[in-house]
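1. Below: sequence and its predicted model.
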Amino acid sequence: MPELPEVETVRTALEPVLHGQQISTVRLTRQDLRWPLPRNLSAALTGQICGLPWRRGKYILLPLLPSGKTLLIHLGMSGAIRLYPRQPAHFGKHDHFSVELADGQWFVFSDPRRFGHLDLLESGKEDAHPLLSGMGVEPLSNHFSPAYLDRVLAARKQPIKTALLDQRLIAGLGNIYVSEALFRAGISPRRQAGNIVGKRTERLVPAIRATLTEAISAGGTSLRDHVQPGGEIGYFVQNLKVYGREGAGCSVCDKPIKMLRQGGRSGYYCPNCQR
DNA sequence: CTCCTGACCTGAGTGC
DNA sequence: TGCACTCAGGTCAGGA
């Protein structure tokens, strides 16, 4: 499910609800998701006060006081967080992790495929965490520039589509927004990453930024699983130009959108507009 | 290092 | 209805 815009949408919704709230109860129905969860997870959270949730790539990070720990959350492919004003009447079979806040609200993390993950780390030492240490730049930060992209793509033999999905280069892009950004930049997903230099990176950087920013404004893209914590869907589906539109007419030239399998994943592009 | 494949897991959709 | 099969917004481990 979630790429940067969906995760950011979730983070934004969590912020006013969690910030300053004490965790009164933790409900955990299994001791592993993608990997084994910290043994002491429930105990480490109970009684803690939530700080401001922030985001790194597709991870949500929630600082806790007074322990000085941070809860790391990854939604995997099918993870979703929902907020309820009081304890839900029924928990679903995939509601693996829930938290009751002091004001009675509930935070419920569900993840049917269990590719998501939860972990605890020391606040301030995020960069040392194995899942975060190798991550590339935040595409919405000032560190993301044509010069950066030129540098990290240099000499790469893989297709640009595959390179943009590599979280060690850029943090947060996924299958939808890579296709959309490449369309916006007029670059073929088949082009070798190492050949994307100069004018092409100068188009690609703002294309990625604009795609992500607009998707965040729309509340993300709801194709299957994505819901915002309040239950609203994300409306960026209506703005998708190529993703999932195989055979449909390109919004610019009206020639058919093509599907392309690269690195085991489907991508979409307009062979006429993207070179 | 880089690059590619398989693996993890459930559910929805499709075709017979 | 049932069954077999494919596919899905992620990403890690292992091998070439």
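-> Okay, I see it.
2. So which residues on the stretch 51-200 of chain A come close to DNA strand B?
-> Along the stretch 51-200 of chain A, the residues adjacent to DNA strand B under the rule C-beta under 7 Å from any atom of the strand are A:78, A:93-94, A:112-115, A:155-159, A:162-163, A:193-194. Glycine gets a C-beta too; all of them are placed from N, C-alpha and C.
3. Try it again at 6 Å.
-> Within reach of DNA strand B by C-beta under 6 Å from any atom of the strand, the stretch 51-200 of chain A has these residues: A:112-115, A:156-158, A:162.
4. And these, which of them are buried?
-> Those of those that meet the buried threshold are A:112, A:114, A:156, A:158, A:162, by 16 or more other C-beta atoms under 10 Å.
5. Which of those fall in helices?
-> In helices, defined here by DSSP state H, the members of these are A:T162.
6. Could you work out the most separated pair of the buried ones among the residues of the stretch 51-200 of chain A next to DNA strand B?
-> In terms of C-beta to C-beta, these reach their longest pairwise distance at A:P112 and A:R156, which sit 34.3 Å apart.
7. Near DNA strand C, which residues of the stretch 101-250 of chain A? Just list them.
-> A:115, A:131, A:167, A:174-176, A:220-226.
8. Apply the buried test to those and list what passes.
-> Members of these that pass the buried threshold by neighbour count (16+ other C-beta under 10 Å) are listed as A:131, A:167, A:174-176, A:220-222, A:225-226.
9. circling back to that earlier point, of the residues of the stretch 101-250 of chain A next to DNA strand C, the lowest pLDDT goes to which?
-> When these are compared on pLDDT, A:D225 comes out least confident, at 79.
10. Run through the residues that contact that one.
-> For A:D225, the contacting residues are A:1, A:77-80, A:112, by C-beta atoms under 8 Å, 6 or more residues apart in numbering.
11. Which stretches in the stretch 101-250 of chain A count as strands?
-> Using DSSP state E, counting those that start in this stretch, the strands found in the stretch 101-250 of chain A span residues A:106-110, A:117-122.
12. Out of the ones you listed, which is the most enclosed?
-> Ranked by average neighbour count under the criterion mean count of other C-beta atoms under 10 Å, those are headed by strand A:106-110 at a mean of 21.
13. who does it touch, helix- and strand-wise?
-> helix A:4-18, strand A:80-84, strand A:95-101 (3 or more C-beta pairs under 8 Å, 6 or more residues apart in numbering; DSSP states H and E).
14. if you set the cut-off to 6 Å instead, what comes out?
-> Helices and strands touching strand A:106-110, as assessed by 3 or more C-beta pairs under 6 Å, 6 or more residues apart in numbering; DSSP states H and E, comprise strand A:80-84, strand A:95-101.
15. Spit out the contact partners of A:L149.
-> When contacts are counted by C-beta atoms under 6 Å, 6 or more residues apart in numbering, A:L149 is found next to A:201, A:205.
16. Out of the strands of the stretch 101-250 of chain A, flag the one nearest A:S145.
-> Proximity to A:S145 (C-beta to C-beta) singles out strand A:117-122 among those, at 28.9 Å.
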